[in-house]
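Asks: Could you look at this predicted model? Sequence included:
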Amino acid sequence: MIRIYGVYNADGGPIGELFYLFGKLLGRTHCDLCDITHSTFGEKKSWRAMNSRFQFPVELVHLNQLDLKLNSFTQGITPCVVLEKEDKYWLLIDSERLKSCGGKVSEFEKILVEAIDNLSF
């Protein structure tokens, strides 16, 4: 089974979201994956549309939602996109590539497709 995870550089839940919002407003926190998937008013429609086109949609997870193995793999490299196959992980998109998307879902999609096409197991 294949799974693709988009790992935010933030905690989830009401408190995590609040801390992220204040940190972003103060210029102390930033997550380029958040900029790609969300607008000010919630998840982007373009993100949902893109994700629905994939055989293996990107599952978005926050730091406090990671299991031990995925947490260990992504330690210090979030935000990022990771592929899991047969209990092994591959980094598909690192934080610099996410930043290069400039918050655009269309750019993210191009990079993701390219990363999957170039992956050799």
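Replies: Received the coordinates, thanks. Residues are numbered from 1 along each chain as shown.
Asks: Can I take it that Leu112 is in a helix?
Replies: Yes. Membership of Leu112 in a helix is supported by DSSP: H, G, I helix; E, B strand; the rest coil.
Asks: Low-confidence regions, this structure specifically.
Replies: 121 (pLDDT under 70).
Asks: what's the residue in it sticking out farthest from the centre in contact with, if anything?
Replies: In the chain, the residue that sits farthest from the middle, by Cα atoms, centre = their mean, is Leu26; the gap is 22.2 Å. With contact set as Cβ atoms under 8 Å, 6 or more residues apart in numbering, Leu26 has no partners. Yep, even glycine has a C-beta here, placed from its N, CA and C like the rest.
Asks: Now it: phi and psi?
Replies: The phi/psi pair for Leu26 (degrees, to the nearest 10) reads phi -90, psi 0.
Asks: Now do the helices in the protein.
Replies: Remark: helices assigned in the chain by DSSP state H are 13-25, 32-37, 45-52, 68-74, 95-100, 105-118.
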